[in-house]
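Undergrad: here's a sequence, model it:
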Amino acid sequence: MIKGFEILEIDNCQKDLLAYREKGALRGVYLGFPLLHEKYTMSLPGATEWTGIPSSGKTEFLLELLLNTSLYYGWRHLIYVGDKNEILAILIHKITGKTFDKRYVNSNYISEAEVEKELSWVLHHFKILYKKDPKAKITPYEFWDMAVELNNSSKGEGGIQTATIDSWKDMKRYTGQNGESISRDDLYLEDVLNYRNTLCEIHKMHFHIVIHPLKPEFDKEGK
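TA: Okay, here's the model as predicted:
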């Protein structure tokens, strides 16, 4: 037998197959939007890539969906982000309806008490990984390994259901899962996405990647 592979037998597949049947061929959970539900659900296991033009709402929309899974099902998440305060502010704004924007200080500006009230709940459901050292670098492999480790070590609290890289361009790239250098984009993506998909399947997690284009192209009208 090849190391790392296994041939299905009835004793190692029947339980998983019945669970697959119960979910209805891996239809995922409802995310709070009836019209979206027919097109997209978040399943365990699963993987989603999010992309679009700059400032089109990629992160905002994904956070809305992740937050709904926490509110509806108690799901917990690991997120790698650039600006930790911005992410926390978005999540607390979605929960309270109160803004961190001082232009609304006389109307809908959030108070310190309201921030403190919601912060512990948010940090319980969202494990936010940020760069403390500007020189620090992390590969996607390391991030997904961390997500699996967190999931396994926090089973008593319900584990970690999803892990999000936001954004993909901020990760240390072109290093394979065994530390070797990979120079070609196609070979790198073949290696890294295969690793991700396998971890999703084995650990029944959903991994998200937010892809911010580095240099968006413009048409002749400048759009």
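
Undergrad: list the contacts of Ala19.
TA: Residues in contact with Ala19 (CB atoms under 8 Å, 6 or more residues apart in numbering): none are found. (Each C-beta comes from the backbone N, C-alpha and C, glycine too.)

Undergrad: oh sorry, the question was meant for Ile138
TA: Tyr80, Met171, Lys172.

Undergrad: I'd say the first one and Phe143 touch.
TA: Yes: Tyr80 lies in contact with Phe143 (CB atoms under 8 Å); the separation is 5.7 Å.

Undergrad: looking at the contacts of Ile138, which are in helices?
TA: Using DSSP state H, no member of these sits in helices.

Undergrad: longest helix of the chain?
TA: helix 185-203.

Undergrad: what residues sit buried inside that one?
TA: Within helix 185-203, the residues scored as buried using 16 or more other CB atoms under 10 Å are Tyr188, Asp191, Val192, Tyr195, Arg196, Leu199, Cys200, His203.

Undergrad: for the second one, which non-adjacent residue is closest in space?
TA: Nearest in space to Asp191, with sequence neighbours left out and distances taken as CB to CB, 6 or more residues apart in numbering, is Gly176 at 5.1 Å.

Undergrad: any idea how far Thr139 is from that neighbour?
TA: Distance, Gly176 to Thr139, using CB to CB, to the nearest Å: 9 Å.

Undergrad: and Trp153, how many neighbours?
TA: Actually, residue 153 is Ser rather than Trp. The local packing of Ser153 (other CB atoms under 10 Å) involves 11 other residues.

Undergrad: show the pLDDT at it.
TA: Per-residue confidence (pLDDT) for Ser153: 92.

Undergrad: any low-confidence regions in the protein?
TA: Scanning the chain for pLDDT under 70 picks out 1, 5, 20, 23-26.

Undergrad: name the residues that touch stretch 59-69?
TA: By CB under 8 Å, 6+ apart, the list of residues contacting stretch 59-69 from outside reads 29, 31-32, 42, 50, 75, 77, 79, 87, 90-91, 94-95, 126, 161-162, 164, 166, 208, 210.

Undergrad: how distant is that stretch from the center of its chain?
TA: Stretch 59-69 sits 9 Å away from the centroid of its parent chain (CA atoms, centre = their mean, to the nearest Å).

Undergrad: show me which residues of it are buried.
TA: Buried, per 16+ other CB under 10 Å, within stretch 59-69: Thr59, Leu62, Leu63, Glu64, Leu65, Leu66, Leu67, Asn68, Thr69.

Undergrad: kindly indicate which of these lies nearest Phe218.
TA: Using CB to CB, Thr59 is the member of the buried residues of stretch 59-69 that lies nearest Phe218, at 22.4 Å.

Undergrad: tell me, what residue is most central in this protein?
TA: When CA atoms, centre = their mean is applied to the chain, the residue found nearest the centroid is Thr164 (2.2 Å).

Undergrad: quick one: that residue from Ile7, how far?
TA: 34 Å.

Undergrad: on the three-state scheme, Trp50 is what?
TA: What DSSP: H, G, I helix; E, B strand; the rest coil gives for Trp50 is strand.

Undergrad: got a list of what the residue nearest to Asp191 touches?
TA: Gly176 touches Ile182, Tyr188, Asp191, Val192, counting by CB under 8 Å, 6+ apart.

Undergrad: cool, and Asp191?
TA: By CB under 8 Å, 6+ apart, the contact set of Asp191 is Gly176, Gln177, Ile182.

Undergrad: and the residues you listed as a markdown table, adding distance to Leu150 and secondary structure?
TA: A markdown table is the format used below for the contacts of Asp191 (distance: CB to CB, whole Å; DSSP: H, G, I helix; E, B strand; the rest coil):
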| residue | distance to Leu150 | secondary structure |
| --- | --- | --- |
| Gly176 | 23 | coil |
| Gln177 | 19 | coil |
| Ile182 | 27 | coil |
